[in-house]
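**Q** This is a predicted model, with the sequence first.
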Amino acid sequence: MYKIDIGEVQKAVTNFGSQQVLFLPLIRYISHCHRSYQPLKTLYKYGKLIWILLFTAACSGTDEDLTGIWHTEFEMVPGFKSALDMQLKQDILSRKWSGRFEMPEMMGAGEFPAVQVKGPKIDLNLGAGASFKGEISKDNNAIKGILTVPGEMPENLTLKRVARWSAQVPARRDKDGLPVTTWKYQPPQATGDGWQVGPMPRSVIGSKPLNELFGRILEGKYHGLDAFLVAQHGKLILEEYFYLGGRDRLHSIQSVTKSVNSLLIGTARDQGLIGNLDEPLRNYFPKYADSIRTNATLRHALTMSAALDWKEDIPYSNPENDAVRMNQSSDLYKYVLTKNPDPVDKPGGRFEYNSGLSMLLGGVVLQATGKPANDYARETLFKNLGINDFAWTTMGGKVHTGGGLFLRPRDLLKIGQMVLDSGKWNGRQVVSESWISESTAFILPTTQGSKDFGYGYQWWRAVSRRGANALPLIFASGYGGQMLYIVPDLDLVILTFHHNPTDNDGSHSITWREVSNIILPEF
């Protein structure tokens, strides 16, 4: 049985922002999301929709009539709807209102800072001249109101009463909507997307531990799991979807975005658009030349060793978290570039997790190629992998390369397979073998003195040990349980997607614990 320090893996599962708690960064993040075929423009109306609906939950209705869960859906990008649920409660003794929200597809959840109710009427000042005025319907099943934002046309919004949270559903339902309680293996289907498919070995299909695992999933043990895919020897052999997941449904990959962007840096280097990795970062940001305070290089940004005075090892609910402050700033590049150097450490000395550096790498792609990361990816990496449908959010007009990418499960698994095959996909060299080898190497330990946990160019490294045997591992990690594991010695790629913004201990997520104890021994 393979063993790995779950705590170390969980440290890798990080988020680029504060969407699980703080409203404003979440709203700004969502309001600038684009489907792959859309022009790069700001979709303000979606941001306004989320903003007002979040706060509407805090100021609605007539006492007991407002108690319960309220729901709406918004189309963040064409064809991709995300739920927004809000629960309102009133304390029996104090009569004070409180509430919380969940946005499962966006990995968002949190408490409302204040809830006010003034009869059936809602009159909410959102600040900066924005307001929402609404009223609960006579049948008490809807909240209807008008959002007014300076410089924009007023918008009509409706929240409807529901019996449960959107994510509070069976793990899997049959065609009649009834819970599926028994797991039966079905080989993946060929869809023409470039994946070769095949069955798992008979011994694996009949594996008691594997069948028990999927039985527990259907029982609701892992109630945040959306997708679980496995490929071995170049074939997709396991493809399972639960809860909010689906083969053709885009899913947030959170900080796995960082690893994908590393491949874009490599592609630009292969094309001769990026040269020496030891070139100062300031050379890629001439607009900010007079305010840049760091002497860090591109290599330092790739390895997260730029030695900036940066705090991201504190909760994202803490307003002092630099990733939160960066996402709230008017210019994300400037926020990072003007950070003071660390008073003790020097660039290249040690690893320190820093989503701001990942944002700057998006700026490097833009400066080197003349195209934002989403357009460059569409024309190069994604085109060569047959990835035709994706979304990539922007903030302040900048593509968020720290965590804003949405992909379909089979498409992200393609990226893992390509890395496993030294940059090839279906026999075609997509990214040079030299870049794959260099970028996924163990360059710096993530904790001082560690030989088992390290970091490359936006890729994580680990060693899983079974007795005297060591199993090297490459992985990409995103907040909420988005994981892409690459296991070269087993010719294996594993993907998990979740919608778990609050599962900090992995109690209802498929983590490396299950992968190492149940999946790997079968292969």
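**A** Okay, I see it.
**Q** hey, let's count contacts and neighbours off CA atoms from now on
**A** Fine.
**Q** so what's the residue nearest in space to the middle of the chain up against?
**A** Centrality entry for the chain: nearest residue to the mean C-alpha point is Gln254, 1.6 Å, by C-alpha atoms, centre = their mean. Gln254 makes contact with 15-16, 402-406, 477-479, 482, according to C-alpha atoms under 8 Å, 6 or more residues apart in numbering.
**Q** quick one: least confident of those?
**A** pLDDT across the contacts of Gln254 is at its lowest for Phe16, which sits at 36.
**Q** For Phe382, grab phi and psi.
**A** Phi and psi for Phe382, reported as degrees, to the nearest 10, are phi -70, psi -40.
**Q** what about the closest residue to it other than its chain neighbours, how many neighbours?
**A** Spatially, and ignoring its direct neighbours in sequence, Phe382 is nearest to Asn388 (7.0 Å; C-alpha to C-alpha, 6 or more residues apart in numbering). Each residue near Asn388 was counted by other C-alpha atoms under 10 Å, and the total is 15.
**Q** Pretty sure Asn388 sits against Thr380.
**A** No - between Asn388 and Thr380 there is no contact, the gap being 11.4 Å when judged by C-alpha atoms under 8 Å.
**Q** Include secondary structure, neighbour count and distance to Trp512 when you put the contacts of Gln254 into a markdown table, please.
**A** Compiled in a markdown table, these are given as follows (DSSP: H, G, I helix; E, B strand; the rest coil; neighbours: other C-alpha atoms under 10 Å; distance: C-alpha to C-alpha, whole Å):
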| residue | secondary structure | neighbour count | distance to Trp512 |
| --- | --- | --- | --- |
| Asn15 | coil | 25 | 18 |
| Phe16 | coil | 28 | 21 |
| Gly402 | coil | 27 | 23 |
| Gly403 | coil | 28 | 21 |
| Gly404 | coil | 26 | 24 |
| Leu405 | strand | 27 | 23 |
| Phe406 | strand | 24 | 22 |
| Ser477 | strand | 27 | 11 |
| Gly478 | strand | 25 | 13 |
| Tyr479 | coil | 28 | 14 |
| Gln482 | strand | 28 | 12 |
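**Q** Tell me how far the residue nearest to Phe382 lies from Gly245.
**A** If you measure Asn388 against Gly245 using C-alpha to C-alpha, to the nearest Å, the figure is 18 Å.
**Q** mind pulling up the phi and psi values for Arg173?
**A** Backbone dihedrals for Arg173, given as degrees, to the nearest 10, come out at phi -120, psi 150.
**Q** Make 534 the first number, not 1, from now on.
**A** Okay, using 534 as the starting number, the last item reads as Arg706.
**Q** Spit out the contact partners of it.
**A** With contacts taken as C-alpha under 8 Å, 6+ apart, Arg706 has the following neighbours: 712-713.
**Q** partners of it in the sheet?
**A** Assessed by DSSP bridges, Arg706 has beta-bridge partners Pro712.
**Q** domains in this structure, as residue ranges please.
**A** What automatic domain parsing lists as the domains of the chain is 539-548+781-1055, 564-695.
**Q** Just give me the lowest mean pLDDT stretch among the ones you listed.
**A** What stands lowest among the domains of the chain, in mean pLDDT terms, is domain 564-695, with a mean of 68.
**Q** Now the helix or strand harbouring Asn907: buried residues?
**A** Under the assignment given by DSSP states H and E, the secondary-structure element containing Asn907 is helix 906-912. Neighbour-count burial for helix 906-912, with 16 or more other C-alpha atoms under 10 Å as criterion, is recorded at 906-911.
**Q** list the helices and strands that helix packs on?
**A** In terms of contacts (3 or more C-alpha pairs under 8 Å, 6 or more residues apart in numbering; DSSP states H and E), helix 906-912 is packed against helix 789-803, helix 888-902.
**Q** tell me how far it is from the chain's mean position?
**A** Computed by C-alpha atoms, centre = their mean, to the nearest Å, the separation of helix 906-912 from the middle of its chain amounts to 18 Å.
**Q** So what touches it?
**A** Under the criterion C-alpha under 8 Å, 6+ apart, residues 569, 794, 797, 895, 898-899, 902, 916, 920-921, 925, 932, 934 lie in contact with helix 906-912.
**Q** Apart from its chain neighbours, what residue comes closest to Ser740?
**A** By the measure of C-alpha to C-alpha, 6+ apart, the closest residue to Ser740 outside its immediate chain neighbours is Glu1055, 7.5 Å from it.
**Q** residues in contact with the one you found?
**A** Contact criterion C-alpha under 8 Å, 6+ apart gives 736-737, 740 as the residues in contact with Glu1055.
**Q** swap the cut-off to 10 Å and go again
**A** Glu1055 makes contact with 734, 736-738, 740, 742-743, 1049 under the criterion C-alpha atoms under 10 Å, 6 or more residues apart in numbering.
**Q** got the residue ranges for the strands in the stretch 584-733 of the chain?
**A** Along the stretch 584-733 of the chain, the segments classed as strands by DSSP state E, counting those that start in this stretch run 601-610, 613-623, 630-636, 641-644, 654-660, 663-669, 675-681, 688-695, 729-730.
**Q** what's the burial count for Val713?
**A** Applying other C-alpha under 10 Å, we find 15 other residues in the vicinity of Val713.
**Q** Distance-wise, check it relative to Asp624.
**A** Look at Val713 and Asp624: by C-alpha to C-alpha, they are 38 Å apart.
**Q** Does Thr800 touch Asn917 like I think?
**A** No - judged on C-alpha atoms under 10 Å, Thr800 makes no contact with Asn917 at a distance of 11.4 Å.
**Q** Compare these two and say which is more crowded by neighbours.
**A** Set Thr800 next to Asn917 and count neighbours by other C-alpha under 10 Å: Thr800 wins out with 22 against 18.
**Q** In contact with that one, which residues?
**A** The contact partners of Thr800, by C-alpha under 10 Å, 6+ apart, come to 794, 806-807, 898, 909-910, 913-914, 963-965, 968.
**Q** cutoff 7 Å now
**A** Thr800 sits next to Val964 when contact means C-alpha atoms under 7 Å, 6 or more residues apart in numbering.
**Q** Repeat that for Trp728.
**A** Taking C-alpha under 7 Å, 6+ apart, we find Trp728 in contact with 768-769.
**Q** same thing with Asp707?
**A** When contacts are counted by C-alpha under 7 Å, 6+ apart, Asp707 touches Val713.
**Q** my guess is the residue nearest to Phe915 is in a strand, correct?
**A** No - with the criterion set as DSSP: H, G, I helix; E, B strand; the rest coil, the secondary structure at Asn921 is coil rather than a strand.
**Q** Ramachandran coordinates for it?
**A** Torsion angles at Asn921 (phi, psi; degrees, to the nearest 10) stand at phi -110, psi -20.
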